[in-house]
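Asks: From the sequence below, what's the structure:
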Amino acid sequence: MAEQQLTYRKLRKILKRFGIEEDKTHGKGSERMFVGVVNGVIIRYPTKGHNEGDANPKGVIRAIRRHFHLTEEDGVSDKDF
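Replies: Residues are numbered from 1 along each chain as shown. Below is the predicted model:
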């Protein structure tokens, strides 16, 4: 799972396909908040993003996928990421 780093811009684009949006009204400084609905519950996940082109570490991408149920076990292919 998540064998490559993704830029913040690309990660946001991928998450948008799954109905997860960036909440621009929350998050302090370089912290950005992703918001999505999982099993009828609103889920929020903060992540760091100084610049649009900064790469997110593999561990952060794995955590986001687990948090929003976007893993292979949940039926989402690693190829989508």
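Asks: secondary structure class for the spatially most central residue of the chain?
Replies: The centre of the chain sits closest to I64, judged by C-alpha atoms, centre = their mean, with a distance of 4.7 Å. Under DSSP: H, G, I helix; E, B strand; the rest coil, I64 falls in the helix class.
Asks: Verify the stated contact: it with R12.
Replies: No. Applying C-beta atoms under 8 Å as the test, I64 and R12 come out as separate, 10.6 Å apart. In short, each C-beta sits where N, CA and C put it, glycine included.
Asks: which neighbours do those two share?
Replies: Counting by C-beta atoms under 8 Å, 6 or more residues apart in numbering, the shared contacts of I64 and R12 are F34.
Asks: Just list the residues touching the residue nearest to the centre of the chain, thanks.
Replies: L11, L15, F34, Y45, T47, L70.
Asks: List the residues that contact the first one.
Replies: By C-beta under 8 Å, 6+ apart, L11 lies in contact with N56, I61, I64.
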